[in-house]
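1. Let's see this in three dimensions:
(2 chains)
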Amino acid sequence: MKKFHLRLGALVLAASLCSAAAGANTLTWSASLDALSMDPHATNNTFTNAFVSNIYESLVRFDDKLQIEPALATSWKALSPTVWRFTLRQGVKFHNGESFDADDVVFSWQRTNTPGSLVRGNLSDIKEVRKVDAYAVDVETHTPLPILPNELVQLLIMDKGWSELNRATEASDLQKQKENHANRNANGTGPFRLESRDVDTRTVMVANPGWWDKPRHNLSRVVFTPIKSDATRTSSLISGGIDASISVPLQDMQRLQAGGNIQVVQGPELRTIFLGMDQQRDELLYSDVKGKNPFKDVRVRRAVYQAIDIEAIKRSVMRGASWPSGTLLSPHLNGAPTALNKRLLPYDPEASKKLLGEAGYPNGFSVGLQCPNDRYVYDEAMCIAMSSMLAKVGIKTQLMVEPTAKWSVRLNTNDVSMYIVGHAGLPMADSYGLLKDVVHTRTQKEGSLNAGRYSNPKFDALLPQIAAEIDPAKRNKLIEQAVAIEREDISHVPLHQQPITWAAKKGISLAQAPDNQLRLWLVTVPGK
Amino acid sequence: MLRFILGRLANGLLVMAVVSLLSFALFNFTGDPVNNLTGDSATLAEKQQLRAALGLDQPLPVQYLKFVGRALQGEFGVSYRNLEPVSQLILSRLPATLELSAVAALLALGLGIPMGVYAGIRPRALGARGLQTVSLIGVSVPSFVTGIGLILLFSVGLNWLPSYGRGEVVQLGAWSTGLLGASGWKAIVMPAITLALFQLTLFMRLTRTQMMEVMKSEYIKFARARGLRERAVHFRHALRNTLIPIITVAGLQLGSMVAFSIITESVFQWPGLGLLIIQAITFSDVPVIAAYLLLVAALFVLINAVVDLLYVVVDPRLRVAR
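-> Residues are numbered from 1 along each chain as shown, chains lettered A, B, ... in the order given. Modelled structure (predicted):
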């Protein structure tokens, strides 16, 4: 028994010594949730996809300015409006030593079409991926798609051989009762190899010495530890238990900066938050107005717009960390019309009351305001502030604040009268996607986030043209036209872009990008 | 004895059936897993497709019967959140919670009962009165405040203990233990104190009250009159008679420590069942929630059965009645 204890003790000691020795250029980082799976095709969760993009790669990738750059493909050209040829990079090896070639690309495409692949929705414009020769593939789309590279970023490439060997040729499927090998094991071409995966505890990656690209990072080991509790995560940063965090609550910023050894990095996220209104029903669900729907009248919408003091929200609710917006599109999105990015109407409660009077509501009306309380930065506080602003002009809001799980069900079933929601224009970082999801008339394929069922045929008519327009200048002009239409018509009341707040020990450079993804291959820590 | 066991089994199955039905019905109204799985920009068509594939578009009674059918075969499905089989997931989290609960229970019982005995024997002593006042703090401070307070003191302030996680864990077959290494012990101290504090004060106050009552009884007077030593009076006679309510409460509290240590595990990122269930609820991970609540019901049934058996052991009068 004693020998057993001695051996065990030695083992534990050795293990702790080993981890201490490998400390050279280790980054320990944290976020509030864990990645869902290491299988790059199984989930459609933004954080998970960003996480595995450090292990797997696609033909192209975004840099930290959200510009497309070559990754596993070196060049591409359009052979026809719907067929593009991608020339693949030679000499690339997977983490297990196998070579990368066109077979792996075609295999990965097929894998994203298996039943468990929830990432398939992000690749819905692609019809087929065909092998031309060992280092070239053709990608065919259903209709002409000038931003195909933006969509291809989502198609992470897996090794055909490894997947066949480990019986992981199909994406992790929720309906099967077994676990897929790719769920906790990975074999990609990316800058980091997966060393171990302990869900909700620790995921360890090590640098890939055989990576095809020249590393701009200096990390040898990366340890990810999710910490759900905000206070614990902040305390761990202060005590040095973690080196960096990408989920920093705004109210902890000052505390962190006061310490002196931690720097806070803050920037605008792509996500714009806006106010939506039920513009389809003849009578609102949650209102005292009977027989008509006030939001169908553009004067009422203008009144709502002018009742909201977005600068006051920035000052007192967002603690100065928000970027008031004039459109639904962040200026960092591809094609966003920056000329229109100023508030359509000024904050003017008197004008607002006048408009309401003209529209036939001299005493205002009451309406329910549906908000989440755990989805956006200061979402609940923002709603409370807007509620009091609207009350000043006579619109008495009943706050209906709920957790995301319930609020998102409401959006999907159009169970709303007035609500806030946000969209980041991701995963393609392009204006078209946002306009299609948020402003287009709701159908089976469009308007997935258009919970108020706003519908404008003039706007809808422009969208297919935007989708098919190859010339970037003409495309941007069309986007500007479409945005001008829905902006004048106040399809939604834009509020602001919310902040991304990251924090790290002084000396660590995190290369923050507006899509809130941590690109480990750009991170540098103090050291060699 | 056989009648006892069979009776308990039938009782237990009934409890589990009711709990599983209620939880299944309720959790279908607290959120839609399809939204979490498909993401923001998924089209209506994609959501409907996934809903049908997962069988979530079928009427609730049908879904429930399918769940029961598979559960009876030991198949609890796959977690929507991290794609692992649910039974494997729950079993892998069990050691963390059981270790934490065991250490916390030892702390609570090991300190709480002696303190309660002391306070009960000499209720008017200064020490006893002091304990009474301080224990009010233990009962009224919420556990997340205790947890964060301990982190601020020992982790941020003194840098003695880690603020999250289990430390280095050694895998012994199916069990993973952190108690074999220094970092594991360092990691378990604060969560165990946080979890134990309320129970400790509860046991202390309970024991004290029970002791005070028992000490007034006739047989204690007779024992003293007979000349027994004080220690024998206090522990062999008085304490044993206070044990029945204490065992009842201890059983229920231990069960709730294992099943519902959600707050402590969230604050300390302790990878046990509490953290698992709260994340499952946020994600609307229905397979995990349904399986977990079934497990919890079974746990409480088991604990109550054990508690009833312990009564018989502790109280000789019950043996005669049987």
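
2. What confidence value was assigned to residue 295?
-> Since no chain was named, I'll use chain A. For A:Phe295, the pLDDT comes out at 96.

3. meant chain B, my bad for not saying
-> 86.

4. and it, what is it in contact with?
-> Residues in contact with B:Leu295, defined by Cβ atoms under 8 Å, 6 or more residues apart in numbering or on different chains, are B:Ile90. C-beta coordinates here come from the backbone N, C-alpha and C atoms, glycine included.

5. Assumed it was part of a helix.
-> Yes: with DSSP: H, G, I helix; E, B strand; the rest coil as the criterion, B:Leu295 is located in a helix.

6. how close does it sit to B:Ile90?
-> According to Cβ to Cβ, to the nearest Å, B:Leu295 and B:Ile90 sit 6 Å apart.

7. do the same with A:Thr114
-> In terms of Cβ to Cβ, A:Thr114 sits 27 Å off from B:Ile90.

8. neighbour-wise, which of those two wins?
-> Per other Cβ atoms under 10 Å in any protein chain shown, whichever of A:Thr114 and B:Ile90 has more neighbours is B:Ile90, with 20 against 15.

9. Now do the same for the more buried one: its pLDDT.
-> Taking B:Ile90 on its own, its pLDDT is 93.

10. who does whichever helix or strand it is part of touch, helix- and strand-wise?
-> Using DSSP states H and E, B:Ile90 sits within helix B:86-121. Contact partners of helix B:86-121 among helices and strands, from 3 or more Cβ pairs under 8 Å, 6 or more residues apart in numbering or on different chains; DSSP states H and E: helix B:126-140, strand B:175-177, helix B:182-215, helix B:240-259, helix B:262-268, helix B:273-283, helix B:286-314.

11. same thing but at 6 Å, please
-> On a contact count with 3 or more Cβ pairs under 6 Å, 6 or more residues apart in numbering or on different chains; DSSP states H and E, helix B:86-121 meets helix B:126-140, helix B:182-215, helix B:240-259, helix B:273-283, helix B:286-314.

12. Quick one: closest of the ones you listed to A:Pro514.
-> Checking the helices and strands packed on helix B:86-121 against A:Pro514 by Cβ to Cβ gives helix B:273-283 as the closest, at 25.7 Å.

13. Just want the angle from that closest one to helix B:240-259.
-> 40 degrees (axes from the mean of the first three to the mean of the last three Cα atoms, to 10 degrees).

14. Show me what the mean pLDDT comes to for helix B:273-283.
-> Here the average pLDDT along helix B:273-283 is 91.

15. just how off-centre is it within its chain?
-> 15 Å (Cα atoms, centre = their mean, to the nearest Å).

16. same for that helix, what does it pack against?
-> helix B:86-121, helix B:262-268, helix B:286-314.

17. picking that back up, sort out which residues of the helix holding B:Ile90 are buried, please.
-> B:86-87, B:89-90, B:92-105, B:107-109, B:111-113, B:115-121 (16 or more other Cβ atoms under 10 Å in any protein chain shown).

18. Next, the residue of chain A at minimum distance from chain B: secondary structure please.
-> Closest approach between chain A and chain B, counting by Cβ to the nearest Cβ: A:Ala405, at 2.6 Å. On the three-state scheme (three-state DSSP), A:Ala405 is labelled helix.

19. okay, now A:Leu88: neighbour count?
-> 23.

20. Wait, it touches A:Asp133, no?
-> No: applying Cβ atoms under 6 Å as the test, A:Leu88 and A:Asp133 come out as separate, 9.4 Å apart.

21. burial count for residue 72?
-> As the question left the chain open, I've gone with chain A. Neighbour tally, A:Leu72, other Cβ under 10 Å: 24.

22. should've been chain B
-> For B:Leu72, using other Cβ under 10 Å, the count is 8.

23. for stretch A:493-502, the distance to its chain's centre please.
-> 13 Å.

24. So what touches it?
-> A:246, A:248, A:265-269, A:271-275, A:304-305, A:321-325, A:327-328, A:330, A:376-377, A:510, A:512, A:516 (Cβ atoms under 6 Å, 6 or more residues apart in numbering or on different chains).

25. Show me just the buried residues among the residues you listed.
-> Going by neighbour count (16+ other Cβ under 10 Å), those have A:246, A:248, A:265-269, A:271-275, A:304-305, A:321-325, A:327-328, A:330, A:376-377, A:510, A:512, A:516 buried.

26. Restricted to helices, list those.
-> A:Val304, A:Tyr305 (DSSP state H).

27. mind listing which of the buried ones among the contacts of stretch A:493-502 are in strands?
-> Of those, the ones assigned to strands by DSSP state E are A:Val265, A:Gln266, A:Gly267, A:Pro268, A:Glu269, A:Arg271, A:Thr272, A:Ile273, A:Phe274, A:Leu275, A:Trp323, A:Pro324.

28. Look up which residues are beta-bridged to the third one.
-> In this structure, A:Gly267 has beta-bridge partners A:Ile500, where bridges are defined by DSSP bridges.

29. can you pull the pLDDT of it?
-> pLDDT at A:Gly267 comes out at 93.

30. mind checking how far it is from A:Thr43?
-> 26 Å.

31. ranges for the strands of the stretch 201-350 of chain A?
-> A:202-207, A:221-224, A:244-245, A:262-277, A:323-324 (DSSP state E, counting those that start in this stretch).

32. Please tell me how far the first one is from the chain's geometric centre.
-> Pointing back at strand A:202-207 there. 23 Å.

33. So which other helices or strands are in contact with it?
-> strand A:192-198, strand A:221-224.

34. Enumerate the residues of the stretch 151-300 of chain B near chain A.
-> B:151, B:155-156, B:159, B:162-164, B:168, B:180-181, B:266-267, B:269, B:271, B:284 (Cβ under 6 Å from any Cβ of the partner chain).
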